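>>> dropping a prediction and its sequence here:
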Amino acid sequence: MEYETHENTGTDEKKIQQDIVRDEGDSRNSRIAVILLWVAVICSILLVILAIRLISDPVSRMISFIKESDLESAEYESETEYDPDIDYDLDLDSKKFDVDIDVDKILSQFDAEEFEEALSRDIEKMQSEKNGDASVSGAGIPILDFCDDKKLDEFADDLENREVSLFIYKDGTWYDTSDKEDILKAFNAIKTVKIGEEVTDYEDSEWVQIDFFDGGTETSWAFDFWDGCLEWKKDGHYNMYKVVDWGDLDGLRLESMGITL
């Protein structure tokens, strides 16, 4: 009986040792598998990072290149937008201009006397402006320059060709005439009157009005003289200006009216 018990005991120990060996082998294989798995994961991560680096570098270079190209294009456009130093070769000789200038017609419309009159008036006006305020020195300003009215200048230049009537108020009586000679004489005398500075001390007496009425335009050019002053509207207000020189108007005789100014 004891022998059989011994035999069974040996067999059991052998089986236990085999099971222990098998368990140790399985555990070692599991650890190796885990290690290999982690190695694979790490390698995969490294491969992904490397792929991203390889892809991002060309993309960043391409983006940088596009930005630099846009910047150079903008700079070129700003530089070429306007260049004052560029020489333009305009070959005018090769161009044909259909311009027909009638020189004879232009010369026929030129009025030498009218031109000389306008030129002399402009010269006189420039001289008065150059000398400053002429009223200070007592020289005065020609009345047409003083009025400084374009329409009045046009009326004066074309007076001979207009239908004008003359009305004069003097010593409480109105006089009128359509005599062209007296009308021109009166207006030419008016042009020699010179006006000085503005005055506020004057008397409401000795009123003389010389009124040129243009029937074609129904426009009236009236010169009102009060106590040695001219009443004229400037800057929207009527003011009184001292008459420095009466010129040819003083003592002017108009036969058609029978009066002497």
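Perfect, I can see it now. Residues are numbered from 1 along each chain as shown.
>>> can you get me a residue count around I210?
Neighbourhood size, I210 [other Cβ atoms under 10 Å]: 22. (Each C-beta comes from the backbone N, C-alpha and C, glycine too.)
>>> cool, I195 as well?
Neighbours of I195 (other Cβ under 10 Å): 23.
>>> looking at the chain, which helix or strand is least sure?
Ranking every helix and strand in the chain by mean pLDDT, DSSP states H and E puts helix 134-137 at the bottom, with a mean of 46.
>>> can you show me the CA trace of stretch 160-172 as CSV?
Taking C-alpha atoms only, stretch 160-172 is exported to CSV below (Å, rounded to 0.1, in the frame of the first residue of the first chain):
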residue,chain,number,x,y,z
GLU,A,160,-24.1,152.1,-80.8
ASN,A,161,-26.1,149.0,-82.0
ARG,A,162,-28.7,149.1,-79.3
GLU,A,163,-32.1,150.8,-79.1
VAL,A,164,-31.4,153.0,-76.2
SER,A,165,-33.4,155.9,-74.7
LEU,A,166,-31.9,158.5,-72.3
PHE,A,167,-33.8,159.8,-69.2
ILE,A,168,-32.4,162.5,-67.0
TYR,A,169,-33.8,163.9,-63.8
LYS,A,170,-32.5,167.4,-62.9
ASP,A,171,-33.9,170.3,-60.9
GLY,A,172,-37.1,168.4,-60.2
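>>> what number of residues lie near the residue lying closest to L249 once chain neighbours are set aside?
Leaving aside its chain neighbours, L249 sits nearest to A189 (4.3 Å; criterion: Cβ to Cβ, 6 or more residues apart in numbering). Close neighbours of A189, defined as other Cβ under 10 Å, add up to 19.
>>> kindly report the same for A186.
Neighbourhood size, A186 [other Cβ under 10 Å]: 22.
>>> do the same with F223
By other Cβ under 10 Å, 20 other residues sit near F223.
>>> do the same with F187
F187: 20 neighbours (other Cβ under 10 Å).
>>> hang on, isn't it packed against L159?
Yes. Under the criterion of Cβ atoms under 8 Å, F187 makes contact with L159 at 5.9 Å.
>>> which residues are in contact with both of these two?
Common contact partners of F187 and L159 (Cβ atoms under 8 Å, 6 or more residues apart in numbering): F212.
>>> which residues of the stretch 101-250 of the chain fall in strands?
Chain-ordered strands for the stretch 101-250 of the chain, with DSSP state E, counting those that start in this stretch as the definition, fall at 141-142, 164-170, 173-177, 194-199, 207-214, 219-226, 229-234, 237-245.
>>> list the neighbouring strands of the second one plus their orientation.
The partner list of strand 164-170 in its sheet, established with DSSP bridges, is strand 173-177 (antiparallel), strand 207-214 (antiparallel).
>>> reformat the ones you listed as a markdown table; add mean pLDDT.
Supplementary listing: the strands paired with strand 164-170 in a markdown table, determined by pLDDT from 0 to 100:
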| stretch | mean pLDDT |
| --- | --- |
| strand 173-177 | 96 |
| strand 207-214 | 95 |
